[in-house]
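Participant: take this sequence and fold it.
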Amino acid sequence: MHRQGKIREHPYGYYLSAMRHLGQIPHTKGKKGVQNLLLVARFGIYHHVGTSLWELARQCMRACIEMEYHLPPIIPGRTSDEEKQHHQRIFWECYQLDRYSSTTLGRPFAIADHDIKVDLPSRVGLDNATSIALGPTSLTSSDLSVFIYSVQLRQITSRIRSKLLAMSSSSHEHHRSFMATGEIYASLHKFLAELDAWRASAPHYEQHTCLYENQEWYDFLLEKDKLFLMRGGVNLLFKSRRGVSQDIMRLWGRCATRVVELYASLYRAGLITFTRSYFQMLFHAGLSVMFCVSSEAKSRTGAGRLIPNFDATLSTCGDVLDAISEKMPDARGYAVVFESMRRSVFDNFSASPATTGHPATPQESCTTSHAYEDTNSAYHQEQHHVMPQTDHTAGLYMASGAVQAPSFPQWMPEMDWTNMDVSAMQGMEAGLSEYVWGDLNINADMWNRIEHIIDETIDDA
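Facilitator: So this is what the prediction gives:
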């Protein structure tokens, strides 16, 4: 309501007022404690709350496990149907928060899927007097359909991540075998089919009254998680050093493009708001497009065939990121870096063949199969760079505390983002993920220095 201009008071003021009473209410255990933590975590999606949302998710899930919400009632009939449904909803809400935060940060789940025995909530809403007494978590049947549908998507992405991590942890010799490559391709197609089946089962509404009843929203969720799947699969294929087929790269680029297009459409229509999570997702999608364009050009096929309108996609992505960063000042540094990367791509690769009639070529070319380094994880590395390293930037990685940046005009021209490899891409994603979920970001100072260097270079020009 504040973002829509319906109220003047900023919601953070309400949050700070509520935190004054934290010591007087349950917040570490019990049903009410879990619900209170879920409210804090929900607010943390939009604003920093001073702690990691991943830690909050683990605390919520730990309390649920202690109360055995992940299991069916030991003695059927002792718990009323209304109370049982209430417990199910609390557990599955915690499940979604845990899966989403753990997947984004590349961290362990709080509970394995095979340890969960409780059913999903019934689709019948508890819109009666008994449910009202249970509190504000009561939902109508329509709300429950969307909730259950969302949980089912998180179950699929949970299986995806478990499979990708299992393949990533295989031996070095296994990664280089033909069978490993075949297993990766088979898994990608299997999970793509699961995601398509999930989309086909979406609830339909004759007239949508909110975002969650809009079919375009479900398309957005589908493409977002397809992008996650393709990103993990491509990383494994590069790790095998057998290269990635054009079909896989094209599908990856198409998913990234669709994510940008769908979010931009919903955002401009006023149907979706801005959050740090959406900002990260857009940045990741734009980064994927840049990577595909750079990879295609390095393989001597010329940039623009995999993603014909990559220039328009990157422009849209940059515009939306810039608009969001104006409303979220703490994200400004990331938006500035993205703009620098986008300009680097535009400067090195001409427009798409659809507009120029010929493929673009980079200033330097090399084969794709030798352009990337091996990596140790499907998602993140403990040690990583957040930008292409040059002689000028090498000292920055070894320094700590306040570091005097090199001369801007001399250093800036060497920021050729088109030479970004897999490990550099992982580093940028890891740093942004930590920012999104409220974790201590070891790269925060580096991101800020990049922003200042870029700003000063633009001013000097």
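
Participant: helices of the stretch 201-350 of the chain, residue ranges please.
Facilitator: 215-239, 246-268, 276-298, 310-327, 332-348 (DSSP state H, counting those that start in this stretch).

Participant: okay, these in TSV with distance to S201, mean pLDDT and mean neighbour count next?
Facilitator: For the C-beta atoms, the positions are set from N, CA and C on the backbone; glycine is no exception. Listed next are the helices of the stretch 201-350 of the chain as TSV, based on distance: least, C-beta to C-beta, whole Å; pLDDT from 0 to 100; neighbours: other C-beta atoms under 10 Å:
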stretch	distance to S201	mean pLDDT	mean neighbour count
helix 215-239	10	93	22
helix 246-268	19	94	20
helix 276-298	23	88	24
helix 310-327	29	93	20
helix 332-348	35	86	20
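
Participant: keeping just the C-alphas, turn the helix or strand harbouring R42 into PDB.
Facilitator: Element membership for R42, per DSSP states H and E: helix 30-44. What follows is helix 30-44 as a C-alpha-only set of coordinates in PDB (Å, rounded to 0.1, in the frame of the first residue of the first chain):
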ATOM      1  CA  GLY A  30       6.100 -23.100  19.400                       C
ATOM      2  CA  LYS A  31       3.400 -22.500  16.800                       C
ATOM      3  CA  LYS A  32       3.100 -18.800  17.500                       C
ATOM      4  CA  GLY A  33       6.900 -18.400  17.400                       C
ATOM      5  CA  VAL A  34       7.200 -19.900  14.000                       C
ATOM      6  CA  GLN A  35       4.400 -17.700  12.700                       C
ATOM      7  CA  ASN A  36       6.100 -14.600  14.100                       C
ATOM      8  CA  LEU A  37       9.400 -15.600  12.400                       C
ATOM      9  CA  LEU A  38       7.600 -16.200   9.100                       C
ATOM     10  CA  LEU A  39       6.200 -12.700   9.300                       C
ATOM     11  CA  VAL A  40       9.700 -11.300   9.900                       C
ATOM     12  CA  ALA A  41      11.000 -13.300   7.000                       C
ATOM     13  CA  ARG A  42       8.200 -12.200   4.800                       C
ATOM     14  CA  PHE A  43       9.000  -8.600   5.600                       C
ATOM     15  CA  GLY A  44      12.700  -9.400   5.000                       C
END
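
Participant: counting by contacts, list what the helix or strand following that helix packs against.
Facilitator: On the C-terminal side of helix 30-44, the nearest following helix or strand under DSSP H and E is helix 53-66. With contacts defined as 3 or more C-beta pairs under 8 Å, 6 or more residues apart in numbering; DSSP states H and E, helix 53-66 has these neighbours: helix 30-44, helix 81-105.

Participant: quick check: buried residues in helix 53-66?
Facilitator: Residues L53, W54, L56, A57, R58, Q59, C60, M61, R62, A63, C64, I65 are the ones in helix 53-66 that count as buried (16 or more other C-beta atoms under 10 Å).

Participant: got the contact list for it?
Facilitator: 28-30, 33-34, 37-38, 40-41, 44-45, 70, 90-91, 94-95, 97-98, 101-102, 105, 107, 110-111, 437-439 (C-beta atoms under 8 Å, 6 or more residues apart in numbering).

Participant: need the CA coordinates for that helix. PDB is fine.
Facilitator: The C-alpha trace of helix 53-66 is given here as PDB (Å, rounded to 0.1, in the frame of the first residue of the first chain):
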ATOM      1  CA  LEU A  53      16.600 -15.000   5.900                       C
ATOM      2  CA  TRP A  54      18.300 -18.400   5.400                       C
ATOM      3  CA  GLU A  55      19.000 -18.500   9.100                       C
ATOM      4  CA  LEU A  56      15.300 -17.500   9.800                       C
ATOM      5  CA  ALA A  57      14.200 -20.300   7.500                       C
ATOM      6  CA  ARG A  58      16.300 -22.900   9.300                       C
ATOM      7  CA  GLN A  59      15.000 -21.700  12.700                       C
ATOM      8  CA  CYS A  60      11.400 -22.000  11.500                       C
ATOM      9  CA  MET A  61      12.000 -25.500  10.100                       C
ATOM     10  CA  ARG A  62      13.800 -26.600  13.200                       C
ATOM     11  CA  ALA A  63      10.800 -25.600  15.300                       C
ATOM     12  CA  CYS A  64       8.500 -27.400  12.900                       C
ATOM     13  CA  ILE A  65      10.600 -30.600  13.200                       C
ATOM     14  CA  GLU A  66      10.600 -30.400  17.000                       C
END
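
Participant: now do it and helix 30-44, the angle between them.
Facilitator: 160 degrees (axes from the mean of the first three to the mean of the last three C-alpha atoms, to 10 degrees).

Participant: of the contacts of helix 53-66, keep whichever come out buried.
Facilitator: Of the contacts of helix 53-66, these count as buried by 16+ other C-beta under 10 Å: 33-34, 37-38, 40-41, 44-45, 70, 90-91, 94-95, 97-98, 101-102, 105, 107, 110-111, 437-439.

Participant: for the closest residue to H87 other than its chain neighbours, what are its contacts?
Facilitator: Residue nearest to H87 in three dimensions, not counting chain neighbours: Y69, with 4.9 Å by C-beta to C-beta, 6 or more residues apart in numbering. Taking C-beta under 8 Å, 6+ apart, we find Y69 in contact with H87, Q88, I90, F91, V118.

Participant: right, and E194 touches I156 too?
Facilitator: Yes. E194 lies in contact with I156 (C-beta atoms under 8 Å); the separation is 5.4 Å.

Participant: redo the helices of the stretch 201-350 of the chain as CSV? Include distance to R123.
Facilitator: Below are the helices of the stretch 201-350 of the chain laid out as CSV (distance: least, C-beta to C-beta, whole Å):
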stretch, distance to R123
helix 215-239, 17
helix 246-268, 26
helix 276-298, 27
helix 310-327, 35
helix 332-348, 40
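
Participant: out of those helices, the one nearest V49 is which?
Facilitator: With respect to V49, and counting by C-beta to C-beta, the nearest of these is helix 276-298 at 11.5 Å.
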